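>>> Here is my input, please return the structure:
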Amino acid sequence: MSSFRKALKSNQRNHKERSQPGFRKHLGFLEKKKDYKLRANDYHKKQNTINALRKRALEKNPDEFYFNMTSTQLQDGVHVIKQPEEEVTEEQRKLMKTQDLKYVEMKRVAEAKKIERLKGELHLLDAEGKVKNKHTFFVDSRKEAAEFDVAKRLNTVPELLHRVFNRPTVDMLQTETIKGATRPTELKKLAKQRNHQYKILSQRIEREKKLFVISQKIQTHKDLADKTAKVKVKKETANSPAIYRFQARRKR
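Coordinates of the predicted model:
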């Protein structure tokens, strides 16, 4: 019974590998068993791979044939796969160009509609390509027009006349019922949301411009496929398509 108790692993002490003694540090790193196992496994893995490749090369039949050999060739010691030729007629290519143009134009129109909706939500009256709105007042006489006071007509203070939206009246300023006037945190939150919407709007405007350039380039390639006599006026860039001048022909 005592011999069995001595043989139990729970009673045995864990023997650990000793560290590198200080007077032997000049000899380099002391390899532990775990380091040796990693190095040995890597060495044996590489040896097995080399032996397998050597055996495959010795057992290879010089007369063997694979159908993949007909579509590959050796260039500078590297196997290159031959690309199959496209079996597409000229009419099919023109139809694909037309479909691509319709798809890009559809996406561009969708982006333009989203941009207009965002502009309406954000009251972006000073946006590029959009005319400023005008507020016209009608009076009965020239004297009334000369004495006309816009601030009095709108029931607000002159300092707020430049604001297109969220223009409080005098009564609202006196009663302090303006949303956000007594809650700075809500005002900051609204400003953050508005900035985020403006960022989304600028991204959509940039995307719409890119789609417009792509549609122009596709249309140019389609025209090149339809017409033969052409003269290149301007080369293609990232922001504009190439410009060609075609020979005028009389239609029958």
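
>>> From now on I want contacts and neighbour counts done on CA atoms only, so please keep to that.
Noted.

>>> hey, where'd the helices end up in the stretch 101-250 of the chain?
142-146, 150-154, 170-175, 184-226 (DSSP state H, counting those that start in this stretch).

>>> worst average pLDDT in the ones you listed?
Here the helices of the stretch 101-250 of the chain differ in mean pLDDT, and the lowest is helix 170-175 at a mean of 76.

>>> And that one, what's buried?
Of all the residues in helix 170-175, not one is buried under the rule 16 or more other Cα atoms under 10 Å.

>>> Repeat that for stretch 72-85.
By 16+ other Cα under 10 Å, stretch 72-85 has no buried positions at all.

>>> Show me what the mean pLDDT comes to for it.
Averaged across stretch 72-85, pLDDT comes to 82.

>>> centre of the chain versus that stretch, how much separation?
The gap between where stretch 72-85 is centred and where its chain is centred comes out at 34 Å by Cα atoms, centre = their mean, to the nearest Å.

>>> repeat for stretch 221-236
31 Å.

>>> So that it lines up with my notes, have the first residue be 12 from now on.
Done: numbering now begins at 12, and the last item shifts to stretch 232-247.

>>> what's the first-to-last distance across it?
11 Å (Cα to Cα, to the nearest Å).

>>> what does it contact?
105, 108, 109, 252, 253, 254, 255, 256, 257, 258 (Cα atoms under 8 Å, 6 or more residues apart in numbering).

>>> try 7 Å this time
105, 108, 253, 254, 255, 256, 257, 258 (Cα atoms under 7 Å, 6 or more residues apart in numbering).

>>> Kindly report the same for stretch 121-131.
Here stretch 121-131 has contacts from 212, 215, 216, 219, using Cα under 7 Å, 6+ apart.

>>> What of stretch 66-83?
Against stretch 66-83 from outside (Cα under 7 Å, 6+ apart): 90, 91, 92, 93.

>>> Take the residues you listed and keep only those in strands.
90, 91, 92 (DSSP state E).

>>> TSV please, covering those and showing distance to residue 41.
Rendered in TSV, the data for these read as follows (distance: Cα to Cα, whole Å):
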residue	distance to residue 41
90	45
91	48
92	50
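
>>> Between those, which sits nearest residue 65?
The shortest approach to residue 65 among the ones in strands among the contacts of stretch 66-83 belongs to residue 90, at 20.0 Å (Cα to Cα).

>>> roughly how far apart are that closest one and residue 77?
14 Å.

>>> And residue 227, by the same measure?
Distance from residue 227 to residue 77, counting by Cα to Cα: 47 Å.

>>> Mind checking which of those two has more residues around it?
Just comparing residue 227 and residue 77: by other Cα atoms under 10 Å the higher neighbour count belongs to residue 227, 18 against 6.

>>> nearest residue to that one other than its sequence neighbours?
residue 252 (6.2 Å; Cα to Cα, 6 or more residues apart in numbering).

>>> Tell me how many other residues surround the one you found.
19.

>>> List phi and psi for it.
Per-residue torsions, residue 252: phi -80, psi 170 (degrees, to the nearest 10).

>>> my guess is it meets residue 226, correct?
No - counting by Cα atoms under 7 Å, residue 252 sits too far from residue 226 to count as a contact (9.2 Å).

>>> quick one on the thing from earlier: with distance to residue 162 added, can I get the contacts of stretch 66-83 in CSV?
Formatted as CSV, the contacts of stretch 66-83 follow (distance: Cα to Cα, whole Å):
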residue, distance to residue 162
90, 82
91, 79
92, 78
93, 78
